[in-house]
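S.K.: Mind folding the following:
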Amino acid sequence: MRKLTMAVLAAGVAAAAQAEVWYVPGWNRTTETNGLAYTSCTNVFKNAKCAFWGWDGDRGWSTSAANADVAAKRLADEIAATNAAFRSELVLVGHSLGGRVVARTLAELSRRGLKVEQGIMLAPAIPMSDADVVKMGLGCVRPAIVVVNPKDSVLKYCYDIVGGEGAPALGRNGSPVALANVVEYAVPKTITNETKIDAAWGRSETVKRVCNHLAAFYFTELRRILDGKPSKSAQVRVPQGRINLDWKVMDAGVWWDVLDTCDGWKLERNIVTGHCRIISPERKRVAWGSEAQMRVSFEKICAQQTSKPRVDSK
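M.R.: Predicted coordinates:
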């Protein structure tokens with residue numbers, strides 16, 4: 001068996017050295033073997049043997065999403081056909097719809113009683129409530145890594161609003177509840193200006209902020225994660241109940257009861273409709289939905305706060 005040197009991280013995940021890394025690209029990037037995304041992957045895994053795993057995703061969104069699900073079955077079949085020694089050193093990395101492919105592949109492997117070394121999903125375009133999300137961590141030995149960006153423009157506006165899959169993408173805010181053998185990380189707000197892009201448009205911070213779904217930004221944070229130094233300034237992950245557009249709200253205290261507070265965040269319930277919302281310290285509504293949904297999301301927010309002790313207002 002090939003020897004696999006693993007650097008164990010403080011968070012309990014590991015970076016693979018001399019491993020086989022299969023990169024699964026995202027939507028409309030499924031044939032660009034020399035593109036920025038694949039280059040970013042090879043830069044992060046310099047000591048590994050990287051392979052570009054292409055699939056039929058250069059089509060319209062609905063067709064590509066369906067093709068991603070088919071591709072996951074094919075990828076699982078290919079992995080199942082390898083020997084156990086090879087699988088023990090295989091790392092799967094996917095971005096966007098490629099992250100969806102990786103998530104479904106891991107879930108399928110778990111159903112077959114098989115595991116790869118690790119799965120890494122960058123901004124995965126799969127509903128946070130999808131059944132395969134719950135199972136994906138069981139398809140790898142090392143904890144699966146999910147890197148998210150709550151401000152990702154593509155996932156926030158294109159996927160959440162017009163994606164039509166019933167729930168926000170896992171790649172925006174992660175899962176509402178802890179997942180078995182899965183570790184989530186969020187990129188900081190400064191990720192775009194921390195990532196160097198040689199192309200002419202990459203010199204414009206405004207353009208980079210608009211195009212912040214690019215895999216290169218997620219790979220910047222992934223490098224820190226694999227080095228055991230994830231960003232301390234990572235954005236707060238707020239699982240959504242329903243599709244939400246952040247906006248500032250009035251705090252008149254007339255129509256809303258405060259159910260809970262935590263480090264400047266508030267969980268409120270409308271006295272007429274009974275639905276709940278979560279308000280950020282900047283007075284923006286960042287999530288809304290049923291009370292049960294919002295209580296779960298609020299607990300996740302509180303778990304990420306470290307500056308002040310928890311204060312209950314019930």
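S.K.: Residue 258 belongs to a strand?
M.R.: Yes: the assignment for residue 258 is a strand, going by DSSP: H, G, I helix; E, B strand; the rest coil.
S.K.: give the contact list for residue 109.
M.R.: Taking CB atoms under 8 Å, 6 or more residues apart in numbering, we find residue 109 in contact with 76, 79, 80, 115, 116, 139, 140. Where C-beta positions appear, they are placed from N, C-alpha and C, glycine not excepted.
S.K.: Is it in a helix, a strand, or coil?
M.R.: helix.
S.K.: Distance-wise, check it relative to residue 73.
M.R.: Residue 109 sits at a distance of 11 Å from residue 73 (criterion: CB to CB, to the nearest Å).
S.K.: May I see the buried residues of stretch 110-117?
M.R.: 110, 114, 115, 116, 117 (16 or more other CB atoms under 10 Å).
S.K.: Surely residue 61 is in contact with residue 154?
M.R.: No: using CB atoms under 8 Å, residue 61 makes no contact with residue 154, being 10.6 Å away.
S.K.: who's more crowded, those two?
M.R.: Of the pair residue 61 and residue 154, residue 154 is the one with more neighbours under other CB atoms under 10 Å, namely 23 against 17.
S.K.: Enumerate every residue touching the nearest residue to the more buried one once chain neighbours are set aside.
M.R.: Of all residues not flanking residue 154 in the chain, residue 213 sits nearest, at 3.7 Å (CB to CB, 6 or more residues apart in numbering). Counting by CB under 8 Å, 6+ apart, residue 213 makes contact with 96, 123, 149, 152, 153, 154, 155.
S.K.: If we use 7 Å, what do you get?
M.R.: 96, 123, 152, 153, 154, 155 (CB atoms under 7 Å, 6 or more residues apart in numbering).
S.K.: and those residues, which of them are in helices?
M.R.: residue 153 (DSSP state H).
S.K.: most surrounded residue in the contacts of residue 213?
M.R.: Counting neighbours by other CB under 10 Å, residue 96 comes out on top of the contacts of residue 213 with 33 neighbours.
S.K.: how about it, what does it touch?
M.R.: The contact partners of residue 96, taken as CB under 7 Å, 6+ apart, are 26, 27, 123, 125, 213.
S.K.: Make sure the first one is actually in contact with residue 101.
M.R.: No: contact criterion CB atoms under 7 Å: residue 26 and residue 101 do not qualify, at 9.2 Å.
S.K.: which one of those two has more residues nearby?
M.R.: Set residue 26 next to residue 101 and count neighbours by other CB under 10 Å: residue 101 wins out with 34 against 27.
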